[in-house]
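>>> any chance you could fold what I've pasted below:
(2 chains)
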Amino acid sequence: MAEPSTPQTFHLWNQLPPELKTAVIKKMDGIDQLKTRQCSKTEKELVDKLPIITIQRIKFKIGVDGRTWTKVEQLKQEDSEIKIKNEIGETIFDIFSNPKIIVKNFAFFTTSRNVNRELKELSEAASATNIRLRAECVHFTLFQTSPKTATEILGLFDESCIKSIRMTASFERVVAAMSQTVQWKRCPEIVICDQKGLRLDHWSYSMINFSHFERINVMMEMLTEDEACIVIKNMQSKERGFFKIRTALSIKCDLIMKQLS
Amino acid sequence: MSVEPEVPIVQVEEVRENPVLYKIISSDNHVFTISEHAVKLSKTLWDLITNLGLTAENALDNPIPVENVNGKNMETIVQFCERHKYDEEEPEYTNYIREFVLPEWDRQLLSIDNEELFQLILATNYLDIQKLMDYCCRVIGDMAKDKTPEELRIIYGIPTDAEDDALERSASDSPGPSG
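Residues are numbered from 1 along each chain as shown, chains lettered A, B, ... in the order given. The predicted structure follows:
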């Protein structure tokens, strides 16, 4: 006997009481909530009553062939609150003009070294609309970017929303510049992962810039005993902390223990 | 109250300590036994048990009638509660990358037709079982994934505003009972 398959339609939707319709809508991704909103006045009212609309994932890419949207571009253009246009700036900030919308994972790709023009447009749009990108977890690929570009990109995000910064390993000067932003300082988690095929031999991050993080997961080529102590002492002072540092340098544990004691 | 069960009583295994069992009678007089850990997942049932003062000694002699839930739904609910009775609470810290995927066992359990799913979600809401409610809502909500508003109207049978207005007009135009 064939296994039962999950039904793909639910024609009794209209018989559900409003509170159960809302419970179902709450389980949808923000993109699907916004599309459900377009179905009828009843569904629009239900979605508009939600305190928050969480979009699970957005990919945003600048450089080479311009900008691309994933998923969001499927939204119907007639929706007054979500306009999908091709112009940079207007598009992305229009989405966030609805203050309820927040993105869980915002992947920001820079696919070429020179993204100054696009970034300038984005920054100007952010200033003009006074809107920042609201994302809980921001993913960057910043290897080729300059410290200035990296800080400008991070500056596009709303610092009150960021809960995690995830980036591919970048030069220490880029990380040092990013660490001066309010977005970095208010974020509780950092994940810096390896760049496949790339090896950076002579760099290190100043762990002082990481001391506020509650969760750290970084790949480092060099970590001195002093810096290791900063990390450990800092984590000891936190009620709930987590850190994981992978390093190629052999650290003398006895020196660390001596310092800690 | 005399009850003749039409389906076999659901047997549960209580392998850990505290093997207290309760009896529940569905609206169509099917009898189910459920362990204490499992029944605690239903806030409504647990409140009832607490208020009735049922104990390990008298629990099986005092079946709990649940008028709003039929035997078929109750069977699903008991299976679900027994399966998830030892689940730990979700940790506060959530992984931002991982998206929720309905576990395979639960997906199979909830692969039921629309009418059953509709009745089950009403029953779950009445019995106040948070996790089952979440899963039922996800099953229905997942149907909306990557669909256009036009497709959603078909999937959920949602009339357009124009169709809705036409229905309302025809209802108001139709003569009343007095003609």
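>>> and the helix ranked longest in chain A, what does it pack onto?
Looking across chain A with DSSP state H, the single longest helix is helix A:116-129. Applying 3 or more C-beta pairs under 8 Å, 6 or more residues apart in numbering or on different chains; DSSP states H and E, we find helix A:116-129 packed against strand A:53-62, helix A:90-95, helix A:147-155. Where C-beta positions appear, they are placed from N, C-alpha and C, glycine not excepted.
>>> would you reformat these as a markdown table and include distance to chain B and mean pLDDT?
Converted to a markdown table, these look like this (distance: least, C-beta to the nearest C-beta, whole Å; pLDDT from 0 to 100):
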| stretch | distance to chain B | mean pLDDT |
| --- | --- | --- |
| strand A:53-62 | 6 | 81 |
| helix A:90-95 | 17 | 67 |
| helix A:147-155 | 17 | 90 |
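>>> redo those as TSV? Include mean neighbour count.
Converted to TSV, these look like this (neighbours: other C-beta atoms under 10 Å in any protein chain shown):
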stretch	mean neighbour count
strand A:53-62	20
helix A:90-95	19
helix A:147-155	20
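>>> picking up where we left off before, how far out from the middle of the chain is the longest helix of chain A?
Relative to its parent chain, helix A:116-129 has a centroid offset of 18 Å by C-alpha atoms, centre = their mean, to the nearest Å.
>>> tell me which other helices or strands the strand or helix carrying A:Phe106 touches.
Counting by DSSP states H and E, the element that carries A:Phe106 is strand A:101-110. Other helices and strands packing on strand A:101-110, by 3+ C-beta pairs under 8 Å, 6+ apart, are helix A:30-37, strand A:53-62, strand A:135-141, helix A:147-155.
>>> Throw the ones you listed into CSV and include distance to B:Arg83, thanks.
Converted to CSV, these look like this (distance: least, C-beta to C-beta, whole Å):
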stretch, distance to B:Arg83
helix A:30-37, 28
strand A:53-62, 27
strand A:135-141, 31
helix A:147-155, 44
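>>> quick check: which of these is nearest to B:Asn58?
Proximity to B:Asn58, assessed across these by C-beta to C-beta, is greatest for strand A:53-62 (46.9 Å).
>>> and that closest one, how far out from the chain middle?
Centroid displacement of strand A:53-62 relative to its chain, using C-alpha atoms, centre = their mean, is 8 Å.
>>> which strands border it, and is each parallel or antiparallel?
Strand pairing for strand A:53-62, determined by DSSP bridges: strand A:68-69 (antiparallel), strand A:101-110 (parallel).
>>> nearest approach to A:Glu152 belongs to which of these?
strand A:101-110 (10.7 Å).
>>> so which of the strands paired with strand A:53-62 is the most surrounded?
Counting by mean count of other C-beta atoms under 10 Å in any protein chain shown, strand A:101-110 has the highest mean neighbour count of those, with a mean of 20.
>>> what does that one rub up against?
Residues outside strand A:101-110 that contact it (C-beta atoms under 8 Å, 6 or more residues apart in numbering or on different chains): A:30, A:52-63, A:95, A:133-142, A:144-145, A:149, A:153, A:157, A:161, B:96-97.
>>> got the angle between that strand and helix A:30-37?
Following axes from the mean of the first three to the mean of the last three C-alpha atoms, to 10 degrees, one obtains 130 degrees for the angle between strand A:101-110 and helix A:30-37.
>>> give me the mean pLDDT for strand A:101-110.
The average pLDDT for strand A:101-110 rounds to 85.
>>> CA atoms only: put that strand into PDB for me.
Extracted in PDB, the C-alpha atoms of strand A:101-110 (Å, rounded to 0.1, in the frame of the first residue of the first chain):
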ATOM      1  CA  ILE A 101       8.800  43.200   8.100                       C
ATOM      2  CA  ILE A 102      11.900  41.600   9.400                       C
ATOM      3  CA  VAL A 103      14.200  39.100   7.600                       C
ATOM      4  CA  LYS A 104      15.600  36.100   9.400                       C
ATOM      5  CA  ASN A 105      18.600  35.500   7.100                       C
ATOM      6  CA  PHE A 106      19.800  38.300   4.900                       C
ATOM      7  CA  ALA A 107      22.600  37.200   2.500                       C
ATOM      8  CA  PHE A 108      24.500  40.100   1.100                       C
ATOM      9  CA  PHE A 109      26.800  39.200  -1.700                       C
ATOM     10  CA  THR A 110      29.300  41.500  -3.300                       C
END
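>>> quick one: buried residues of the longest helix of chain A?
Applying a neighbour-count criterion of 16 or more other C-beta atoms under 10 Å in any protein chain shown, one finds A:118-119, A:121-122, A:125-126 buried in helix A:116-129.
>>> now stretch B:154-164
So, applying 16+ other C-beta under 10 Å, buried residues of stretch B:154-164: B:155-156, B:158.
>>> quick check: end-to-end length of that stretch?
Length of stretch B:154-164, first residue to last, C-alpha to C-alpha, to the nearest Å: 14 Å.
>>> show me where chain B has its strands.
In chain B, the strands defined using DSSP state E lie at B:21-25, B:31-35, B:64-65.
>>> so for B:Asp113, which of the ones you listed sits nearest?
strand B:31-35 (21.7 Å).
>>> now the closest one: how far from the chain's centre is it?
Distance of strand B:31-35 from its chain centroid, counting by C-alpha atoms, centre = their mean, is 15 Å.
>>> stretch A:118-133 too?
Counting by C-alpha atoms, centre = their mean, stretch A:118-133 is centred 17 Å from the centre of its parent chain.
>>> same check, this time on stretch B:74-81
8 Å.
>>> same question for it, mean pLDDT?
In the prediction, stretch B:74-81 has an average pLDDT of 97.
>>> now do the same for the residue nearest the centre of chain B: its pLDDT.
What sits nearest the mean C-alpha location of chain B, by C-alpha atoms, centre = their mean, is B:Thr124, with 2.9 Å. pLDDT for B:Thr124: 98.
>>> can you name the residues that contact it?
Each residue near B:Thr124 by C-beta under 8 Å, 6+ apart is listed here: B:77, B:132-133, B:136.
>>> for chain A, see how far away B:Met133 is.
Distance, B:Met133 to chain A, by C-beta to the nearest C-beta, to the nearest Å: 7 Å.
>>> that residue contacts B:Leu127, correct?
No. Assessed by C-beta atoms under 8 Å, B:Met133 is found out of contact with B:Leu127, at 9.2 Å.
>>> and the helices in the stretch 151-261 of chain A?
Ranges of helices within the stretch 151-261 of chain A are A:172-178, A:182-186, A:225-236, A:253-260, based on DSSP state H, counting those that start in this stretch.
>>> A:Ser160 and A:Cys253: what is the separation?
Remark: distance between A:Ser160 and A:Cys253 (C-beta to C-beta, to the nearest Å) = 40 Å.
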